[in-house]
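1. everything below, folded, please.
(chains A, B, C, D, E, F, G and H, ligands or ions: 10)
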Amino acid sequence: MEYKNLTIIDQERCKGCGLCINVCPKKVLEFSKNYNSKGYHYSEVVKPEECIGCGFCYRMCPDVCIVVKTSA
Amino acid sequence: MEYKNLTIIDQERCKGCGLCINVCPKKVLEFSKNYNSKGYHYSEVVKPEECIGCGFCYRMCPDVCIVVKTSA
Amino acid sequence: MKYSGLIAAGFGGQGVMLLGQLLSYAAMLDGKFTTWLPSYGPEMRGGTANCTVVISDEYIASPVIDAPTELLAFNLPSMNKFVSQVIKGGSLIINSSVVESVPERKDIKIFRIPANDIAEKLGNIKVQNMVMMGAFLHVSNIVSMDAVQHAFEHKLTGTKAKLIDLNMKAIESGMVAAGK
Amino acid sequence: MKYSGLIAAGFGGQGVMLLGQLLSYAAMLDGKFTTWLPSYGPEMRGGTANCTVVISDEYIASPVIDAPTELLAFNLPSMNKFVSQVIKGGSLIINSSVVESVPERKDIKIFRIPANDIAEKLGNIKVQNMVMMGAFLHVSNIVSMDAVQHAFEHKLTGTKAKLIDLNMKAIESGMVAAGK
Amino acid sequence: MTYTERYKGPKSLTPKEFTYCPGCHHGIIHRIVAEVIDELGVQGKTLMVAPVGCSVFSYEFFDVDGTVAPHGRAPAVATGMKRARPDRIVFTYQGDGDLAAIGTGEIIQAANRGEKITTIFVNNAIYGMTGGQMAPTTLVGMKTTTTPYGRNPANEGFPIHVSEVLKEITGVAFLARTKVSTPQDVNKTKQLIKKAFMAQINNVGFGLVEVLSTCPTNWGLTPVESLKWLEENMTKEFPLGVYVDKVGDIK
Amino acid sequence: MTYTERYKGPKSLTPKEFTYCPGCHHGIIHRIVAEVIDELGVQGKTLMVAPVGCSVFSYEFFDVDGTVAPHGRAPAVATGMKRARPDRIVFTYQGDGDLAAIGTGEIIQAANRGEKITTIFVNNAIYGMTGGQMAPTTLVGMKTTTTPYGRNPANEGFPIHVSEVLKEITGVAFLARTKVSTPQDVNKTKQLIKKAFMAQINNVGFGLVEVLSTCPTNWGLTPVESLKWLEENMTKEFPLGVYVDKVGDIK
Amino acid sequence: MSGKVMVKGTEAIAEAAIRAGCRLYFGYPITPQSELPEYMARRMPEKEVNGVFLQAESEVAAVNMIYGAACTGKRSLTSTSSPGFSLMQESMSYLAGAELPAVFVNVVRGGPGLGDIQPAQCDYFQATKGGGHGDYRLLVYGPESLQEAVELTVKAFDKADKYRNPVLLLADGLLGQMMEPVEFPDFSNLEKLEKHSSWALQGTELERKAHKVTSFNIDPVGLEKMNLNLQKKYAEMEKNEKMYEEYMMDDAEVVIVSYGTIGRIAKSVAKMARNKGIKAGVFRPITLWPFPYAELAKWAKKETKLFFTVEMSAGQMIEDVRLAVEGRCPVKFYGRMGGMVPTPTEIFDKLMELV
Amino acid sequence: MSGKVMVKGTEAIAEAAIRAGCRLYFGYPITPQSELPEYMARRMPEKEVNGVFLQAESEVAAVNMIYGAACTGKRSLTSTSSPGFSLMQESMSYLAGAELPAVFVNVVRGGPGLGDIQPAQCDYFQATKGGGHGDYRLLVYGPESLQEAVELTVKAFDKADKYRNPVLLLADGLLGQMMEPVEFPDFSNLEKLEKHSSWALQGTELERKAHKVTSFNIDPVGLEKMNLNLQKKYAEMEKNEKMYEEYMMDDAEVVIVSYGTIGRIAKSVAKMARNKGIKAGVFRPITLWPFPYAELAKWAKKETKLFFTVEMSAGQMIEDVRLAVEGRCPVKFYGRMGGMVPTPTEIFDKLMELV
Ligand SMILES: Cc1ncc(C[n+]2csc(CCOP(=O)(O)OP(=O)(O)O)c2C)c(N)n1
Ligand SMILES: Cc1ncc(C[n+]2csc(CCOP(=O)(O)OP(=O)(O)O)c2C)c(N)n1
Ligand code: SF4
Ligand code: SF4
Ligand code: SF4
Ligand code: SF4
Ligand code: SF4
Ligand code: SF4
Ligand SMILES: [Mg+2]
Ligand SMILES: [Mg+2]
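-> Ligands and ions are numbered 1, 2, ... in the order given. From the prediction side, this is the model:
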């Protein structure tokens, strides 16, 4: 399935701070139940279809884990 | 002879800077022609009768050479 | 002369340092000579953490040891790093909830303690370090349970006092697990 | 080998340092080895100032000397301080306009030069130091007048060039005074 | 469908993972500084000076030539660099312990000389790297490991206002206080940082941007709680705004 | 006729002759500081900290217990004294090289802690003791031995305004800039210095008085010419006034 | 139960200082000793102590606050780690010149420069030869254990007052971070300590001539005299204050010379060597200045096969060892740098290579 | 006429630095060397030179400006006197750790503390053993004359670049203040010097990987490696860079060991002694680090009756002399302190007492 906007998270790099989750206006993101190898519950996209490509998550991510793509 | 006000200059201590002479409103003071042992033309009272005891000379003297007395 | 020189090693946050301090404290209460020496990895945060505890009837010359009598391994990298140093006849105590593999050495005693699981069963995963400590106490028999109890009483006061029981239970479970 | 080690000493402001530098400079122009070494008194300003000039045909080992061949005394404290150090057969040159007394020593040559008076007569009291230098040149005969002239030409340029004559005259007067 | 990358990490950062704690604003600030360098097209001629503090590692994160200054001395080091190579872009990145405590003299005098350098000043009201001691910017009442009973003005004085002090200095060409608590903040801060770089590029003078920042670890709060604490407490003590702007409009 | 002494040197000075050059304002300022100490009746409990600068000798001139701090560190030394003996009156006496160059950090941080100490800051726009080098307060265009072609803002920046900077600091209880060029100035300055001491005595906070001052020797002017130069140039660059006053009226 | 408590090295020193009558701490945080100021921050305001803790804005400010506090004759302490101690050097020279008593702790870490935060001993030269300018000396203690650190801390304050001289505890990160049981001395009688020092700056109360404390003397004749007095004092300290430990030295043929924690580790090495039939002993200088030259030189005799100096440095104390031995026996060195701590086995192996 | 000019010591060093290609001077005024920055302030802006003179706000700032300038690979100089050099110690350690080339001048004055402004040699320990923290070394030159100072200044820049290491000229106030004729070398070819150093921070121009220059390595294994590299470099310097002068040493039975101006004065003393029939010579170390131990030790033989070390200090270099002599001959000392300069006769009298 294809979405208008894609938010891609480098989950190995993610430290699970939750700033992206906190800022996303569309609740696209959530903590994963899983740990990454650093031991963090990383952030993952749970509602890709809702993503408006606003880049808020990118802007707030302190660890440069996020790329936002758009088809627009 | 007695004056109303006495300005007394420690001439050995004086460095001949002339600040007292410069500030005296009554031109009571002048540089001496003589040198003191430090090699300065010290300040001396030349018109004691004119002294109004204002203390300007005391206030401006950087070397605490001056005492002003008054009979008032 | 009784002597134990142990290294406890794991990730930061697994309570390895606290375990060492508590043990050392209890040893002191037992009238032993004892030293506790931390070693933090080069990383500021996260990363590995280990400490060395020496307990002895005599003045301790070196608080630094490179031949531990016991190794408490809380994760795999730590086990791999230190296992070869354990003296012949020494003991390796593994938190088997985290570390699956077992090293090759045949000349040491190996104890596999599912510390996380035991702790979880006790209702608080955090006390997994006390489970490991219990195992050590069983294996080394160098510090009295009385001293351990006293140590908790000193360290956990006020509102924290209610945690003593849980911790003691964790220790006992660890002892039992090591005795199996 | 020609050698002269002189101390010139007086109050700050009497041009003692300049005299030394000029002499040293002229010595260099004459192809000699030479050193100039200042020594300021502990007081920040005013106070005494003296300098040591060594002029030699050979490399100068010590620029510090404690046995001057010549002493140029610009005031009484300076004369008293250094006169005992002058070597036997050495010379003491006194600015007699300032220093009235004469020391006891019989084993040295003593020149009394009324430098201030001479300088005043030349129209500028400031060149009293050059009068003293002239006396030294006469006494030591270690630096050529040509070199001195060249030294002035190097140091006094532009608007100051017109002062060369006055200075040279002062030097000549000093030489004459010492020759008397 | 073909996608274009709308938001992607800047070129002027190395791929190296940051060593900062989860949620620490140092990372956000690094990224926007790098974005500014990208946008100005000066990566190849930029020299950076890292401080001593959590951001001591920043010299490894920025993909430009860099060094680490002794604690507090980054402005003097940057001065030496810039005087040696006036054709280069030189920036320092400093914490509040580094800049507002031990380095007080160096920052004020570099600003006063109007050095053509840019300083990113990360004010998190605490010494992060050494484990949470009081900084000169620590708020009144705030508990730190060296003010265990809360900062008490009678003993430790009041938080120092770096931007207010620096605005009195003639050599400063651009000066602003900002924060990065929201995406809007982040955008704005980026523009301010760009201006601080332009102050240097246009040879106007010294540029500094003070960024209010979190230290979840030593504040003892989660990253999200930290945002809130910053908003509620730090912005009150440290008013945001542009304090000096001699740069004018930039494209 | 019997005379009474109307003006006479203060008790809190030793009889030692000052080592300052003829006409140097250091002497005037010494005298009025001593007069203030006399008037406040605190000579017996005052401790003083001399700087490194021409006034390094001031510890010999004030007839109170005293020491010499390392160059620029007088505020830190005074802090140590005052914290050890809060019941004592502690003051520092500093030049513009000492306080506004090497000691920038120490003065700002002592002020920021609101240390209950008093600082007399003698701004003569030059390094007197070392022979006339540029100070941070040297005026633009002014020739010094290290700005032989005149201070050039493009290279050395502009004169620093210490009082303007310090007024931004919360811990400051009293702060004024003044001069001693006329007897009226001298009187006024004395009152200001008294207030700066009162800030300490009343436990309000840090007090500092900046006194614009001459250095005839290194300015290359006579003492009287120096007065004029100060009036015409320094007061323009450094506006006089009371910048902070939390002390209120004193008798 | 004994009066023993379990504490970290940094905290042991802090508490010992308070017991010794120190009521003023000024310092600037730096790893690996920030626990010391943090302990002081908690402890000083307590009623029982009622002292001053103040975080300085820098090490330069800290040492000058100490300078000021010491001027009043009160007991004060600062602590730091290597880079911070370097920053203090100008003022250390001032303190020594002005003959001010104060106690300093340097918990040494790996250098040079920013280096790392691991234990090291690479500041020995700086500590013992004077990192600052001019001819001056600090009394320098190098404790091996927390109990010794506690005792030397108390002694440091006493000696600082006695000689009017700064005293330095040179600890390594190991000692600073480790815990072991220690017994603290009782609190000193503050009133006894508070007796007005005859020289201190405490206000004349118009009852005496003003006191002046400085390292300044513009007249070289005066400054030389001041220096001669200092040298006399240092000679006195050399005569009276040397401390060292000899461990299994009676019949030693191999003398391991080490200080601080490495001196302690060396004891394990000596035991290991004895197990292998090598007559090893440990000579452990406790005062690093004055260094026990003569006492060590005593062992530079025919029977001694080897002096073996082990340090966590590139070799600094070894110069003092060589000055003592004067070529009469071989002097060898083993060292680790950059914060690496040698283990007993490692040292032992090296020793076996040499004998 | 020769190309000789008459200049002050401080100015000779300044001009020599410019000739050597130094175009950056940062410094803070301090007596007795302020003539050096003052010379630079006049000279650097001249068209022929076109360099940078900047008065720093302190010695700490100055050394860090040097740090920054050195990072770019350019030749830079700072100068100071004793208290100022103490303030630079933290950063000196950083420079050495980061392997930055730069030249330092310390015109030593009487200490400790504020002391006075007269000539002294009491900073020898600080210069040679490292006043800062950690295991590091400076290359240290001690010139005796202005011509030698000029030549060593040029050499200092070359060696600093060659070894990427700070180099220190340790001068005393005598040398700094005296004048004598010197000949300056020609101007260096700047373009040749400007060749991009392979390590320097000059901007990547997107053509290479970014350069990083630091003394920081949080991993002790890495920091130890860094230290091992430094030690290797220092060993190289010890092998290649030792300099000393032997004066009338061929048949000497009395060896006067002195450096700097005192080394020069010692030559007069040796002559005086020879006049009295005493076979005296002078061994004058020119590099104070690396110290010419082996070269001096060569004279520690049966025929040598006495090593006589003379310094303007309480006795600092004498430790290195004793390390070289290793007890094979008597080593005696004469020193003056606090800025007092011993005269030839005074030293000679002392020598006569000893022989
Ligand atoms: C001379 C010196 N003193 C102290 C330290 C220890 N130190 C390292 S970082 C730091 C403070 C860091 O705080 P800040 O600048 O606010 O940066 P943050 O970690 O909060 O980003 C200190 C005191 C040091 N490395 N060097
Ligand atoms: C660490 C240090 N650096 C430099 C000096 C040299 N020094 C002595 S006084 C002084 C400046 C004095 O100027 P200022 O403070 O303005 O006082 P003034 O003499 O003008 O009254 C300097 C740089 C020193 N003594 N110590
Ligand atoms: S781009 Fe916007 S909408 Fe999409 S995940 Fe990120 S924050 Fe949410
Ligand atoms: S903001 Fe970045 S680091 Fe934080 S949870 Fe989201 S992706 Fe992970
Ligand atoms: S008191 Fe007044 S009138 Fe009298 S001499 Fe002094 S200035 Fe002149
Ligand atoms: S003001 Fe004082 S020092 Fe100056 S001339 Fe008058 S009496 Fe003399
Ligand atoms: S300690 Fe604080 S400032 Fe440092 S990385 Fe962690 S959160 Fe950031
Ligand atoms: S040099 Fe200047 S400031 Fe110093 S005493 Fe002389 S006139 Fe006063
Ligand atoms: Mg911070
Ligand atoms: Mg000044």
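2. let me see the backbone angles for residue G:162.
-> phi -60, psi -50 (degrees, to the nearest 10).
3. which regions of chain A sit below the pLDDT cut-off?
-> A:1, A:72 (pLDDT under 70).
4. which residues in it form helices?
-> Assigned by DSSP state H, chain A shows helices spanning A:19-23, A:56-60.
5. show residues contacting the last one.
-> In this case it means helix A:56-60. Contact partners of helix A:56-60, identified using C-beta atoms under 8 Å, 6 or more residues apart in numbering or on different chains, comprise A:7, A:19-25, A:28-29, A:66-68, E:7-8, E:28, E:182-183, E:186-187. Where you see a C-beta, it was placed from the backbone N, CA and C, and this is true even at glycine.
6. least confident secondary structure element in chain G?
-> Ranked by mean pLDDT, DSSP states H and E, the weakest helix or strand in chain G is helix G:190-194, scoring a mean of 81.
7. now it - C-alpha only, PDB.
-> Only the C-alpha atoms of helix G:190-194 are listed here, as PDB (Å, rounded to 0.1, in the frame of the first residue of the first chain):
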ATOM      1  CA  LEU G 190      37.100  24.500  66.900                       C
ATOM      2  CA  GLU G 191      37.600  27.000  69.600                       C
ATOM      3  CA  LYS G 192      41.100  25.900  70.100                       C
ATOM      4  CA  LEU G 193      41.700  26.200  66.400                       C
ATOM      5  CA  GLU G 194      40.000  29.600  66.300                       C
END
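8. could you check whether it is close to chain F?
-> No. Helix G:190-194 does not reach chain F (C-beta under 8 Å from any C-beta of the partner chain); its nearest approach is 11.1 Å.
9. and if you look at stretch E:52-66?
-> No. Residues of stretch E:52-66 are not located near chain F by C-beta under 8 Å from any C-beta, the shortest gap being 15.6 Å.
10. got the residues of chain A near ligand 1?
-> Residues of chain A lying close to ligand 1 (C-beta under 6 Å from any ligand atom): none.
11. looking at chain A, which strand is longest?
-> For chain A, the strand with the greatest residue count under DSSP state E is strand A:29-35.
12. which residues in chain C form strands?
-> For chain C, applying DSSP E gives strands covering C:3-11, C:33-40, C:48-56, C:70-73, C:91-95, C:109-113.
13. and among these, the most buried is which?
-> strand C:70-73 (a mean of 29; mean count of other C-beta atoms under 10 Å in any protein chain shown).
14. contacts only, for residue G:37.
-> E:133, E:146, G:25, G:27-29, G:53, G:55, G:79 are the contacts of residue G:37 under C-beta under 8 Å, 6+ apart.
15. which stretch of helix or strand covers it?
-> For residue G:37, the host element (DSSP states H and E) is helix G:35-43.
16. how about exporting that helix as PDB, limited to the C-alpha atoms?
-> C-alpha atoms of helix G:35-43 as PDB (Å, rounded to 0.1, in the frame of the first residue of the first chain):
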ATOM      1  CA  GLU G  35      31.600  13.600  44.900                       C
ATOM      2  CA  LEU G  36      33.800  15.500  47.200                       C
ATOM      3  CA  PRO G  37      32.200  19.000  46.600                       C
ATOM      4  CA  GLU G  38      28.800  17.200  46.400                       C
ATOM      5  CA  TYR G  39      29.400  15.700  49.900                       C
ATOM      6  CA  MET G  40      30.400  19.100  51.200                       C
ATOM      7  CA  ALA G  41      27.300  20.700  49.600                       C
ATOM      8  CA  ARG G  42      25.200  18.400  51.700                       C
ATOM      9  CA  ARG G  43      27.300  18.300  54.800                       C
END
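17. is ligand 1 within reach of that helix?
-> No. Counting by C-beta under 6 Å from any ligand atom, ligand 1 has no neighbours in helix G:35-43; the shortest distance is 10.4 Å.
18. how far does that helix sit from its chain's centre?
-> On the basis of C-alpha atoms, centre = their mean, to the nearest Å, helix G:35-43 sits 20 Å off its chain's mean C-alpha point.
19. beyond it, next helix or strand please.
-> strand G:52-55.
20. what's the average pLDDT for that following strand?
-> Averaging pLDDT along strand G:52-55 yields 98.
21. tell me the pLDDT at residue C:134?
-> So residue C:134 comes in at 97 (pLDDT).
22. for chain F, see how far away it is.
-> 49 Å (C-beta to the nearest C-beta, to the nearest Å).
23. apart from its chain neighbours, what residue comes closest to that residue?
-> With C-beta to C-beta, 6 or more residues apart in numbering or on different chains as the criterion, residue C:134 has its nearest non-adjacent residue at 2.3 Å, and that residue is residue C:174.
24. the one you found: neighbour count?
-> 29 (other C-beta atoms under 10 Å in any protein chain shown).
25. for it, what are its contacts?
-> By C-beta under 8 Å, 6+ apart, the contact list for residue C:174 reads C:113, C:115, C:118, C:130-138.
26. residue G:266 is in what secondary structure piece?
-> Counting by DSSP H and E, residue G:266 is part of helix G:260-275.
27. wait, does that helix contact chain C?
-> Yes. Helix G:260-275 is in contact with chain C by C-beta under 8 Å from any C-beta, via G:261, G:264-265, G:267-269, G:271.
28. which among those residues gets closest to ligand 5?
-> residue G:261 (72.7 Å; C-beta to the nearest ligand atom).
29. need the phi and psi values for residue G:283.
-> phi -110, psi 120.
30. my guess is it contacts residue G:254. True?
-> No. In this structure residue G:283 lies outside contact range of residue G:254 using C-beta atoms under 8 Å: 10.6 Å.
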